[in-house]
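**Student:** Sequence first, then the predicted structure:
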Amino acid sequence: MAGLLLALGLGCATLSSAQERMTREEYIQKYKKLAVEQMEIYGIPASIKLAQALHESDNGNSRLARLANNHFGIKCKSTWTGPTIEHDDDAPGECFRKYGSVEESYLDHSEFLDKSARYQDLFKLDPKDYKGWAYGLRKAGYATNPKYAEILIKIIEDNRLYLLDEGKDINAPLLAEEKPQPQQPVPVDEPEPIRHETQPHTPTVDIDNYSVSVSGRGGNHTVYHNNGSEFILTAAGDTYSSIAGEFGLTVSKLIKYNDLDGAGDLTPGTMLYLKPKAKRSENGKLIHIAKEGETMHSISQTYGIRLKNLCNINRRTKDSAVKAGQQIRLM
């Protein structure tokens, strides 16, 4: 009888262990929000981050994931000063990073890519170009497997992770127009720094530094390109309502696109965006040296970067003081 009970106990333990193994679908549902949050801060496609995590951590079931919260297979390297764990990889007993939580692993992966010189070309790609990111990671040496890019792309397409890059629900029915179409970044001229005093503001704009839009939009105003978005310069007599009507928008969208708190009076020469700004600099500009009187908002308008993202990149708030000579990261 004791032997039978022991056998039953072992059987239950084995079944329980099998049931604890996370499925790919469970992993995606559990961590997709975290991947999107990191995308909004660092510009790494959520599809790529999740695909790497799924592959590197065996859907969260690998030894490194379970014992060290390491979901991206990142080794110690010479710069790591945190906890470590030994793990057999290319060689026995290699040093890998150990984290206090999965969130720390996701953040460190973003920092690892963001601060490594060999991955900087990836941040110049269109944020929706997951194929470009996959091949770029392989080329930069993230993994030794020659099929690494193809593995990531298959995971992304099999699980519709590319929809996360577009702000869509991966569980929604797939429409024909939602099938992934990698895009290329639009080349634009790099804008010169513009000084803004208030919100809204009256910049002194050297408009020759901006390319004229070829979208065909515009009536009373010339439409210009900046960092993949479009903007106009307001004229005397303009109101948010008149501009919204001219471009088929709503006042609330204009306020949102320009990171404003409300629709006040418009000063002639105000730089007003007609489309959402980018999440980071797509012009290759990495750092802005602040001038006297600039704010986080004015810098976000200058470079066509969403205020929230600019603040996140620099670990600041929209009301943080900006001092002359201070370095503000743009990507």
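**Tutor:** Received, thanks. Computed from a predicted model, the values in this text were never measured in an experiment.
**Student:** could you pull out the strands for the stretch 151-300 of the chain?
**Tutor:** 211-212, 224-226, 229-233, 271-273, 287-289 (DSSP state E, counting those that start in this stretch).
**Student:** Point out where the stretch 151-300 of the chain drops to low pLDDT.
**Tutor:** Applying pLDDT under 70 to the stretch 151-300 of the chain picks out residues 173-219.
**Student:** if you set the cut-off to 50 instead, what comes out?
**Tutor:** Scanning the stretch 151-300 of the chain for pLDDT under 50 picks out 178, 183-204, 214, 216.
**Student:** returning to what we had before: which among the strands of the stretch 151-300 of the chain is found nearest to residue 261?
**Tutor:** strand 271-273 (14.9 Å; Cβ to Cβ). All C-beta spots, glycine's among them, are computed from the backbone N, C-alpha and C.
**Student:** Provide the strand pairings for the closest one, with the direction of each partner.
**Tutor:** When pairing is defined by DSSP bridges, strand 271-273 lines up against strand 229-233 (antiparallel).
**Student:** hang on, the earlier thing: quick one: which of the strands of the stretch 151-300 of the chain is nearest residue 88?
**Tutor:** Comparing the strands of the stretch 151-300 of the chain against residue 88 with Cβ to Cβ, the closest turns out to be strand 287-289 (40.9 Å).
**Student:** Can you read off the backbone torsions of the residue nearest to residue 143 when sequence neighbours are not counted?
**Tutor:** Spatial nearest neighbour of residue 143, excluding adjacent residues (Cβ to Cβ, 6 or more residues apart in numbering): residue 137 at 7.3 Å. Dihedral pair for residue 137: phi -60, psi -40, per degrees, to the nearest 10.
**Student:** Please list all residues in contact with residue 137.
**Tutor:** 48, 52, 119, 122, 143, 148, 149, 152 (Cβ atoms under 8 Å, 6 or more residues apart in numbering).
**Student:** Same list (those) but as TSV, adding secondary structure.
**Tutor:** Output for these, formatted as TSV (DSSP: H, G, I helix; E, B strand; the rest coil):
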residue	secondary structure
48	helix
52	helix
119	helix
122	helix
143	coil
148	helix
149	helix
152	helix
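**Student:** Now neighbour count and distance to residue 167 too, for those residues, in JSON lines please.
**Tutor:** Listed next are those as JSON lines, based on neighbours: other Cβ atoms under 10 Å; distance: Cβ to Cβ, whole Å:
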{"residue": "48", "neighbour count": "30", "distance to residue 167": "16"}
{"residue": "52", "neighbour count": "26", "distance to residue 167": "20"}
{"residue": "119", "neighbour count": "18", "distance to residue 167": "24"}
{"residue": "122", "neighbour count": "24", "distance to residue 167": "20"}
{"residue": "143", "neighbour count": "17", "distance to residue 167": "28"}
{"residue": "148", "neighbour count": "19", "distance to residue 167": "27"}
{"residue": "149", "neighbour count": "20", "distance to residue 167": "24"}
{"residue": "152", "neighbour count": "27", "distance to residue 167": "21"}
